[in-house]
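Novice: coords please:
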Amino acid sequence: MRNGHVKLRRITGALPNELKEIFNALSTTKRKARAVNGPALALLTGGASQLDAKTLDLVVPVIIESKGDASPAIRQP
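Specialist: The predicted structure follows:
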């Protein structure tokens, strides 16, 4: 494992489970977004209205994969 991956694992290892789940669900250049479970989905949908457009580009696919309602985030002014 590369040095950057080791450092990243140390950081994500210290995060609450919901945040680790969200981090692991975000799309990368090699894979599409993945679904998250209830508490992690609630964090995403609850905070989506406060995110900027670039961050929403990452979060909305996770919400959709999780069968959540992304419409409040998409309707942002």
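Novice: Nearest spatial neighbour of the residue nearest the centre of the chain, chain-adjacent residues omitted?
Specialist: Central residue of the chain (Cα atoms, centre = their mean): residue 22, 3.8 Å from the mean position. By the measure of Cβ to Cβ, 6 or more residues apart in numbering, the closest residue to residue 22 outside its immediate chain neighbours is residue 40, 5.2 Å from it. (Each C-beta comes from the backbone N, C-alpha and C, glycine too.)
Novice: any chance you could map the helices in this protein?
Specialist: Under the criterion DSSP state H, helices of the chain are mapped to 3-13, 17-25, 38-47, 53-65, 71-74.
Novice: Adding mean pLDDT, write these out as CSV.
Specialist: Shown next, in CSV, are these (pLDDT from 0 to 100):
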stretch, mean pLDDT
helix 3-13, 78
helix 17-25, 93
helix 38-47, 94
helix 53-65, 94
helix 71-74, 76
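Novice: want to throw the ones you listed into CSV with distance to residue 31?
Specialist: Formatted as CSV, the helices of the chain follow (distance: least, Cβ to Cβ, whole Å):
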stretch, distance to residue 31
helix 3-13, 16
helix 17-25, 10
helix 38-47, 17
helix 53-65, 11
helix 71-74, 22
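Novice: Minimum distance to residue 32: which of those has it?
Specialist: Within those, the stretch nearest residue 32 is helix 53-65; the backing value is 7.0 Å (Cβ to Cβ).
Novice: how about the CA coordinates for that closest one, as CSV?
Specialist: Extracted in CSV, the C-alpha atoms of helix 53-65 (Å, rounded to 0.1, in the frame of the first residue of the first chain):
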residue,chain,number,x,y,z
ALA,A,53,-22.3,22.6,-6.2
LYS,A,54,-19.0,20.8,-6.4
THR,A,55,-19.6,18.9,-3.2
LEU,A,56,-23.2,18.1,-4.3
ASP,A,57,-21.7,16.5,-7.4
LEU,A,58,-20.1,14.0,-5.1
VAL,A,59,-23.0,13.6,-2.6
VAL,A,60,-26.1,13.4,-4.8
PRO,A,61,-25.0,10.2,-6.5
VAL,A,62,-24.6,8.5,-3.1
ILE,A,63,-28.0,9.7,-2.0
ILE,A,64,-29.5,8.3,-5.2
GLU,A,65,-27.7,5.0,-4.9
